[in-house]
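*Asks:* What shape does this take:
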Amino acid sequence: MQQISDLPANEQLPGLPASAFHKADIAPDAAFYAQLRFVNHIDDGAIAAVTALYQELLPAGGGILDLMSSWVSHLPQAVEYRSVTGLGMNGQELEANPRLTVRMVQDLNANPALPFVDSTFDGVGICVSVQYLQRPVEVFREVLRVLRPGAPFIVTFSNRCFPSKAVAIWQAMSGAEQQRLVGAYMQAAGFETLSARAAMPPSGDPLWAVIGQAPGR
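*Replies:* Residues are numbered from 1 along each chain as shown. Here you go, the predicted model:
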């Protein structure tokens with residue numbers, strides 16, 4: 001596991017221009033995500049890499065939050081969890097996800113406050129969606145609040161996105177630079193232990209991950 005080093009200082013993030021988190025499509029996100037998309041946004045190899053990471057880091061029998069969820073969560077089929085809460089943008093897609101035990105619709109760009117009490121979850125994942133967050137540090141602070149001490153926060157992404165909805169700073173970067181950006185979000189939010197991984201197949205979708213750990217045991 002590679003340790004992330006020399007990330008931007010926390011105070012540099014507030015210094016970014018507001019335009020860094022602008023997106024080309026300024027229409028309400030709810031309208032864009034109202035269209036059903038029962039497709040995988042990464043290929044089988046990248047999905048397998050996400051699932052392997054979840055199997056390694058998310059505790060069996062725990063309460064899991066699949067943030068920015070959809071119709072599939074990429075959790076390992078052989079592992080049972082106490083609960084899997086999916087919070088996403090399309091209620092019909094969430095209803096079609098068989099792994100979810102709780103389903104909630106919320107636009108995090110409009111309201112980054114998560115509707116859960118402190119220290120609710122044993123692990124949180126965001127899969128191929130972090131590029132759409134316009135208030136990422138606020139959302140990540142909320143993730144830290146709802147995680148139990150020592151619990152993992154796993155953010156995975158590839159080189160695919162909806163360009164009209166991805167924020168400007170994300171589209172100005174690629175790969176390892178985006179890992180560093182996500183790491184900066186996590187540091188600014190209060191995560192203290194960060195690591196990075198990458199799965200780079202000779203063909204197919206690459207996958208990058210940033211893993212934060214909530215302070216505590």
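*Asks:* hang on, residue 195 in a strand?
*Replies:* Yes: Residue 195 forms part of a strand when assessed by DSSP: H, G, I helix; E, B strand; the rest coil.
*Asks:* That one and residue 211 touch, don't they?
*Replies:* Yes: if you go by CB atoms under 8 Å, residue 195 and residue 211 touch, sitting 5.0 Å apart. C-beta here means a position set from N, CA and C on the backbone, and glycine is covered the same way.
*Asks:* tell me, what residue is most central in this structure?
*Replies:* The centre of the chain sits closest to residue 126, judged by CA atoms, centre = their mean, with a distance of 2.1 Å.
*Asks:* about what we covered before: higher neighbour count, residue 195 and residue 211?
*Replies:* Set residue 195 next to residue 211 and count neighbours by other CB atoms under 10 Å: residue 211 wins out with 24 against 15.
*Asks:* so the more buried one touches residue 197, yeah?
*Replies:* Yes: because the distance of 7.3 Å satisfies CB under 8 Å, residue 211 is recorded as touching residue 197.
*Asks:* give me every residue that touches the closest residue to residue 135 other than its chain neighbours.
*Replies:* Leaving aside its chain neighbours, residue 135 sits nearest to residue 112 (4.8 Å; criterion: CB to CB, 6 or more residues apart in numbering). When contacts are counted by CB atoms under 8 Å, 6 or more residues apart in numbering, residue 112 touches 135, 138, 139, 142.
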